[in-house]
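Chemist: predicted model and sequence below, questions to follow.
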Amino acid sequence: MQQLVEEIEKIDFQSEEYKDAYSRINAIVIEGEQEAHENYITLAELLPESKDELIKLSKMESRHKKGFEACGRNLQVTPDMQFAKEFFSGLHQNFQTAAKEKKVVTCLLIQSLIIECFAIAAYNIYIPVADEFARKITEGVVKEEYSHLNFGEVWLQKHFAESQAELDQANRQNLPIVWQMLNQVADDARVLAMEKEALVEDFMIQYGEALSKIGFTTREIMRLSAYGLAT
Ligand code: Y39
Ligand code: FE
Ligand code: FE
Ligand code: FE
């Protein structure tokens, strides 16, 4: 605890180093929220019986985006949106392809499990080391991300038997991309006092809990959640 207090006290939110790293991390979050907004609209089309709920989630994602744009402006940082688009391109492409093939299970795994768990991990690790303005925004956002994760968990739990094989395949395709994304952002996250090890740990906890709620056994969770981590 004392170590964390000391660390936060020495963060200079106006240093060039901080603002440079923030220009990429802030852009990633803004782009992520924008893509999440679009992904929930696509999911609303694929799941007409849940349309109203999914449109609500898509609107929340738009508000999150606006909140994080304000965080960048508050620090006088210009987000590097080109970098962020490339950062998300792997998951983005896989989501688009799955949507075109009407693979709802794959779309839910990518957006409502993987991306939401990634967001929850990142926001939880960011909150204690954020500037005051960004901390308040992020605290409001992370609460809503849990409800997005919950949508995926509930739907996949209800359809577990017929979804298991597609979940396994989608996990193999997409989880290694998440580890690559984490590696790509580790140096910038470190400048913001966010440790890669903490991000990995929090992600694994969120994702493992989600897989457990959906119906996977502990043994399957171990295999699925670490897939591609060591390579
Ligand atoms: O569902 C959502 O709102 C998620 C898309 C939003 C963004 C997730 C991106 C978080 C990665 C940040 C990495 C910082 C270390
Ligand atoms: Fe401590
Ligand atoms: Fe969001
Ligand atoms: Fe979300």
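Modeler: Ah, there it is. Numbers count the residues shown, from 1 in each chain. Ligands and ions are numbered 1, 2, ... in the order given.

Chemist: rest of the way, CA atoms for contacts and neighbours
Modeler: Noted.

Chemist: give me every residue that touches residue 46.
Modeler: Shown in contact with residue 46 (CA atoms under 8 Å, 6 or more residues apart in numbering): 99, 102, 104.

Chemist: let's see it at 10 Å
Modeler: Counting by CA atoms under 10 Å, 6 or more residues apart in numbering, residue 46 touches 40, 99, 100, 102, 103, 104, 107.

Chemist: cool, and residue 155?
Modeler: The neighbours of residue 155, taking CA under 10 Å, 6+ apart as the test, are 50, 105, 108, 214.

Chemist: pick the one among the contacts of residue 46 closest to ligand 1.
Modeler: Taking CA to the nearest ligand atom as the measure, ligand 1 lies nearest residue 40 of these, at 9.2 Å.

Chemist: now stretch 162-172: buried residues?
Modeler: For stretch 162-172, burial by neighbour count (16 or more other CA atoms under 10 Å) applies to 164, 167, 170, 171.

Chemist: same list, these, but as JSON lines with distance to ligand 1, pLDDT and secondary structure please.
Modeler: Converted to JSON lines, the buried residues of stretch 162-172 look like this (distance: CA to the nearest ligand atom, whole Å; pLDDT from 0 to 100; DSSP: H, G, I helix; E, B strand; the rest coil):
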{"residue": "164", "distance to ligand 1": "23", "pLDDT": "97", "secondary structure": "helix"}
{"residue": "167", "distance to ligand 1": "19", "pLDDT": "98", "secondary structure": "helix"}
{"residue": "170", "distance to ligand 1": "18", "pLDDT": "98", "secondary structure": "helix"}
{"residue": "171", "distance to ligand 1": "17", "pLDDT": "97", "secondary structure": "helix"}
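
Chemist: just the closest of the residues you listed to residue 121, please.
Modeler: Proximity of the buried residues of stretch 162-172 to residue 121 was ranked by CA to CA; the top entry is residue 171 with 18.0 Å.

Chemist: touching, that closest one and residue 224? I think so.
Modeler: Yes - the criterion here is CA atoms under 10 Å, and residue 171 meets it with residue 224 at 6.8 Å.

Chemist: would stretch 186-203 count as contacting ligand 1?
Modeler: Yes - Stretch 186-203 lies within reach of ligand 1 by CA under 6 Å from any ligand atom, at residue 189.

Chemist: ends of that stretch, how far apart?
Modeler: 14 Å (CA to CA, to the nearest Å).

Chemist: again, but for stretch 180-200
Modeler: End-to-end distance of stretch 180-200 (CA to CA): 11 Å.

Chemist: if you skip the residues just before and after it, what's nearest to residue 47?
Modeler: residue 104 (8.0 Å; CA to CA, 6 or more residues apart in numbering).
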